[in-house]
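Novice: my questions concern the predicted model and sequence given below.
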Amino acid sequence: PFYATAARQPQGGVQTAPQRYCVFMTFDLSTSVTTELQVLLARWSAAIAQLQAGKTVGSVEPAHGDGVGADTGEALDLGPASLTVTVGLGPGVFDERFGLADKRPAALADVPRLPSDNLQAGLTGGDLSLQACADDPQVAYHAVRDLARMARGTATVRWTVLGFGRASAGPHQSTPRNLMGFKDGTRNITTDEDHDRFVWVDEPGDGAAWMTGGTYQVVRKIRMNIEIWDADVVSDQQRVFGRTKIEGAPLSGGTEHTTPDFAATGTDGDTKIDATSHIALAAHEANGGVKILRRPYNYTDGLNEYGQLDAGLLFLAYMNDPEHFTQLQRKLGASDRLNEYISHIGSAVFAIPPAPRKGSYIGEQLF
Ligand code: HEM
């Protein structure tokens, strides 16, 4: 693929087959000194290389017994567990503080307010993001925890979500289920060709050459009204998605990977896949051919203030223009049958630069 040259590789955690667990965290920069931002990105880059190799970020037991450990130690003996840590730069990196305004890619702007939004201030935005995915939850947690410690004095934690189970499939992976009990990720982007076309930024025409080979991350914390969903009859649940529950087959017939036939009608003359079902509205056939890479995780926050299950989908998606998400969500927010059972409570967007060149650090081309 064009993005992967000797000089430039993508960061992990995007095209990487989804690992089982994810910890996501965003940060606000508390400094306005450009070199401090550079030092943080450099320290994170070095630490991420260590962590992804299953190593610590420094000593757990300092030589002097009265010293503080550089690494907190809880991932010792757990190995790399397929860890990837993906670093994102939010729109705030390009405000007046760091003198980088002219490097801001035109595509990087806050997702506009959408009619279906129910956003909570404490679950939106951020100047930096970390997405740590691993096959061991403690390895993912340890990575974010130790990187957050490193940021002290430069950035403060803004919001975080713990994803306890993958809800998307990469090539050669079986399709997992989201908390609504349906297979999620059946018609996701899987081929290199589609990644090149829809995920990776080709030579951007807007002057942000440093983003070539990068991508954009759109994050939404989507709460599910689990108890209401669980009381719904299965035939209606299937109508909501346009797919069967166990097999995940389109209601137009066939098996899980059969291409849905959105025009097929039943004996009553209605389309077999309801026109306001989630897949009828979201499919690329209904959106000018545009696809996004979905890489979501199931999350839970325990119980809400009413003692109900508080859980949902940590929707993480990658695309070469965040506008593709906005257009899709504007449409879903207006008429998706799923809206009765979900609420978008968190939102943010980040630029994902390519991985650092050898001996360099993430985002180095920016400065
Ligand atoms: C498809 C669940 C939110 C975009 C699907 C499918 C399920 C699902 C079960 C069918 C299987 C598949 O092809 O993956 C959910 C749930 C959501 C949610 C539970 C929220 C809690 C969203 C959002 C977007 C989105 C916010 C984008 C704005 C898509 C797309 C497809 C899809 C593009 C593929 C449609 C197709 O080509 O057939 N989703 N989804 N989903 N979803 Fe979602």
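Specialist: Yep, that arrived.

Novice: what about residue 341, how many neighbours?
Specialist: By other C-beta atoms under 10 Å, the residues close to residue 341 number 19. The way it works is simple: take the backbone N, C-alpha and C, and place the C-beta from them, glycine included.

Novice: show me where the stretch 101-250 of the chain has helices.
Specialist: 137-151, 192-194, 226-230, 234-241 (DSSP state H, counting those that start in this stretch).

Novice: okay, the ones you listed, which one's buried deepest?
Specialist: Across these, the average number of neighbours (mean count of other C-beta atoms under 10 Å) peaks for helix 137-151, which reaches a mean of 21.

Novice: next structured bit after whatever helix or strand residue 44 lives in?
Specialist: Assigned by DSSP states H and E, residue 44 belongs to helix 34-52. The helix or strand immediately downstream of helix 34-52 is strand 84-89, counting by DSSP H and E.

Novice: off-centre distance for that next one?
Specialist: 10 Å (C-alpha atoms, centre = their mean, to the nearest Å).

Novice: quick one: contacts of that strand?
Specialist: Contact with strand 84-89 is made by 11-14, 16, 19, 41, 44-45, 48, 51-52, 108, 127-134, 143-144, 147, 217, 350-353, 362-363, 366, as judged by C-beta atoms under 8 Å, 6 or more residues apart in numbering.

Novice: what angle do that strand and helix 34-52 make?
Specialist: 170 degrees (axes from the mean of the first three to the mean of the last three C-alpha atoms, to 10 degrees).

Novice: state the mean pLDDT of strand 84-89.
Specialist: Strand 84-89 shows a mean pLDDT of 98 in the predicted model.

Novice: the strands in this protein, which residues?
Specialist: 21-29, 84-89, 128-134, 155-166, 215-224, 293-294, 297-303, 309-319, 342-352 (DSSP state E).

Novice: out of those, which is closest to residue 180?
Specialist: Residue 180 sits nearest to strand 215-224 of all these, at 6.6 Å, using C-beta to C-beta.

Novice: quick one: residue 19 and residue 131 touch, right?
Specialist: No. Using C-beta atoms under 8 Å, residue 19 is not in contact with residue 131; the gap is 10.6 Å.

Novice: so between these two, which is more surrounded?
Specialist: Between residue 19 and residue 131, counting by other C-beta under 10 Å, residue 131 is the more crowded of the two (30 against 24).

Novice: pull the contacting residues for the more buried one.
Specialist: 13, 22, 23, 24, 85, 86, 88, 217, 316.

Novice: mind putting those residues into JSON lines with distance to residue 183 and neighbour count?
Specialist: Below are those laid out as JSON lines (distance: C-beta to C-beta, whole Å; neighbours: other C-beta atoms under 10 Å):
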{"residue": "13", "distance to residue 183": "22", "neighbour count": "25"}
{"residue": "22", "distance to residue 183": "19", "neighbour count": "30"}
{"residue": "23", "distance to residue 183": "24", "neighbour count": "26"}
{"residue": "24", "distance to residue 183": "23", "neighbour count": "28"}
{"residue": "85", "distance to residue 183": "28", "neighbour count": "25"}
{"residue": "86", "distance to residue 183": "25", "neighbour count": "27"}
{"residue": "88", "distance to residue 183": "28", "neighbour count": "28"}
{"residue": "217", "distance to residue 183": "24", "neighbour count": "29"}
{"residue": "316", "distance to residue 183": "18", "neighbour count": "27"}
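
Novice: quick revisit: need the strands of the chain in a markdown table with distance to the ligand, can you?
Specialist: Output for the strands of the chain, formatted as a markdown table (distance: least, C-beta to the nearest ligand atom, whole Å):
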| stretch | distance to the ligand |
| --- | --- |
| strand 21-29 | 15 |
| strand 84-89 | 18 |
| strand 128-134 | 17 |
| strand 155-166 | 12 |
| strand 215-224 | 4 |
| strand 293-294 | 6 |
| strand 297-303 | 9 |
| strand 309-319 | 4 |
| strand 342-352 | 5 |
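
Novice: possible to save those as JSON lines with distance to residue 326?
Specialist: Putting those into JSON lines (distance: least, C-beta to C-beta, whole Å) gives the following:
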{"stretch": "strand 21-29", "distance to residue 326": "19"}
{"stretch": "strand 84-89", "distance to residue 326": "17"}
{"stretch": "strand 128-134", "distance to residue 326": "18"}
{"stretch": "strand 155-166", "distance to residue 326": "20"}
{"stretch": "strand 215-224", "distance to residue 326": "8"}
{"stretch": "strand 293-294", "distance to residue 326": "15"}
{"stretch": "strand 297-303", "distance to residue 326": "22"}
{"stretch": "strand 309-319", "distance to residue 326": "10"}
{"stretch": "strand 342-352", "distance to residue 326": "9"}
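
Novice: what parts of this structure come near the ligand?
Specialist: 178, 180, 182-188, 220, 222, 224, 241, 243, 260, 278-279, 282-284, 312-313, 315, 325, 328-329, 332, 342 (C-beta under 6 Å from any ligand atom).

Novice: now residue 73: how far from residue 323?
Specialist: Counting by C-beta to C-beta, to the nearest Å, the separation of residue 73 from residue 323 is 43 Å.

Novice: pick out the residue closest to the middle of the protein.
Specialist: residue 316 (2.2 Å; C-alpha atoms, centre = their mean).

Novice: which strand residues bridge that residue?
Specialist: In this entry, residue 316 is beta-bridged to residue 219, by DSSP bridges.

Novice: list the contacts of it.
Specialist: Taking C-beta under 8 Å, 6+ apart, one finds 22, 24, 131, 217, 218, 219, 294, 295, 296, 297 in contact with residue 316.

Novice: no more questions from me, cheers.
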